[in-house]
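Chemist: turn this into a structure:
(one chain, ligands or ions: 1)
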Amino acid sequence: MKSLEGSFMEKDIGKNVDLDVFDLSTIAAATDHFSPSNKLGEGGFGSVYKGKLLNEQEIAVKRLSQSSGQGMQEFKNEVTLIAKLQHRNLVRLLGYCFHKEEKMLVYEYLPNKGLDSFIFDQEKASLLDWKKRFHIIQGIVPGLLYLHHDSRLRIIHRDLKASNVLLDSDLNPKISDFGLAKIFRGGEDEAKTHRVVGTYFGILVLEIISGRKNNSYYQKDSVWDLWKQDKVLTIVDSSLGDSFDAHEALLCIHVAILCVQELASDRPTMTNVAFMLSNQETMLPSPNQPAFIFRQLNHSGELGLASTCGDVGSINNETITILQAR
Ligand SMILES: Nc1ncnc2c1ncn2[C@@H]1O[C@H](COP(=O)(O)OP(=O)(O)OP(=O)(O)O)[C@@H](O)[C@H]1O
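Modeler: Predicted coordinates for the structure are as follows:
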């Protein structure tokens, strides 16, 4: 960052974290004044812009929606905590910008963007062969485990989904948006919450394997039905043809179904998941019928998760159930 001296208002030091504080003019110059052509997308927390700093480093700037209402100190505290979370499977937070009502987070830029832009796109899906998909699934797990256990902060990612898994130039997965909704500081049943995150992971795995969004109501040929009929491999993305490792695919689907079990106590923890995916000879428990899973937008725009086997049709919000095969 030496070549950028003078571009930042200050360097936040003394908290054991290397966090840059960018002034607004630096961000404005880097993003060409938040030009629409640099807009990467818009999520629940605000819009994201691509930018380039004077030293040519590419960045992604998340311009937080102004409704967050946090004061400078609170914002700075949270950002400092998030910046401490550094792992090869997490998107790196480089710094932030705070100017009057504006709050922005500055991340490393990941050229391949979100996993969603590959798996749900007919043309790009073929770029992710089975080996890469398995590598991505296996790479998400250490990122989550780090958030849960190793980071000392016990971050629960409440919004794990394909668009929050970004891919670097070698298609390695990096989880984004962690720590934004809430920094978990106890008060909830930790084991239970981890198992809820496992549910998100299970859905994501099924999406990665099938290339289909898990966003419809009752399904005729659900994954569960196909599982019972020993035909579950038919959900594998047709763009892969027969070029996939059936043993690995079956293992992933089995783990995913365990992750979306109705009873939290039947779901594996992420530690178990890591073990299951890396020890392929392990005997896995037989799953029961999974729950219907749905995500709901709560008042703060944060995605919550609940599961039910009851009357899903009465839910007005977007509902995701177990995937349908083609
Ligand atoms: N660090 C990054 N590098 C490259 N692209 C990014 C980066 N961060 C976000 N993006 C892109 O910006 C888009 C918007 O991201 P954002 O995380 O705000 O929204 P989202 O994941 O679609 O929704 P949500 O806020 O509900 O998680 C994403 O689709 C992603 O492609």
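Chemist: distance from the chain centre to stretch 276-287, please.
Modeler: Put simply, stretch 276-287 sits 24 Å off its chain's centre (CA atoms, centre = their mean, to the nearest Å).
Chemist: in it, what counts as buried?
Modeler: Using 16 or more other CB atoms under 10 Å as the test for burial, stretch 276-287 gives M276, L277, P287. Yep, even glycine has a C-beta here, placed from its N, CA and C like the rest.
Chemist: make a markdown table out of those residues and add pLDDT.
Modeler: Putting the buried residues of stretch 276-287 into a markdown table (pLDDT from 0 to 100) gives the following:
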| residue | pLDDT |
| --- | --- |
| M276 | 95 |
| L277 | 95 |
| P287 | 92 |
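Chemist: helix/strand/coil for K174?
Modeler: Secondary structure, DSSP: H, G, I helix; E, B strand; the rest coil: K174 is strand.
Chemist: wait, doesn't it sit right on N164?
Modeler: No: with contact defined as CB atoms under 8 Å, K174 does not reach N164; the gap is 9.7 Å.
Chemist: quick check: residues of this protein near the ligand?
Modeler: 40-41, 43-45, 48, 60, 62, 91, 107, 109-110, 113-114, 159, 163-164, 166, 176-177 (CB under 6 Å from any ligand atom).
Chemist: strands - which of the residues you listed land there?
Modeler: Judged by DSSP state E, strands contain the following of the residues of the chain next to the ligand: L40, G41, G43, V48, A60, K62, Y107, L166.
Chemist: kindly reformat the residues you listed as TSV containing pLDDT.
Modeler: Formatted as TSV, those follow (pLDDT from 0 to 100):
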residue	pLDDT
L40	94
G41	92
G43	82
V48	95
A60	97
K62	93
Y107	96
L166	97
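Chemist: filter the residues of the chain next to the ligand down to the buried ones, ChimeraX style.
Modeler: Per 16+ other CB under 10 Å, the buried members of the residues of the chain next to the ligand correspond to this ChimeraX selection:
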select :40,43,45,48,60,62,91,107,109,110,113,114,159,163,164,166,176,177
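Chemist: contacts only, for the residue nearest to G139 when sequence neighbours are not counted.
Modeler: Distance criterion CB to CB, 6 or more residues apart in numbering; nearest residue to G139, sequence neighbours excluded, is P173 at 4.3 Å. For P173, the contact set (CB atoms under 8 Å, 6 or more residues apart in numbering) comprises N89, L115, I136, G139, I140, G143, V165, L166, L167.
Chemist: quick check, nearest of the residues you listed to the ligand?
Modeler: Nearest to the ligand among the contacts of P173: L166, at 5.3 Å, using CB to the nearest ligand atom.
Chemist: in this protein, which helix or strand is least confident?
Modeler: strand 303-308 (a mean of 34; mean pLDDT, DSSP states H and E).
Chemist: list the contacts for H99?
Modeler: Under the criterion of CB under 8 Å, 6+ apart, the neighbours of H99 are D23, L24.
Chemist: how about the contacts made by E42?
Modeler: Contact analysis of E42 by CB under 8 Å, 6+ apart lists V48.
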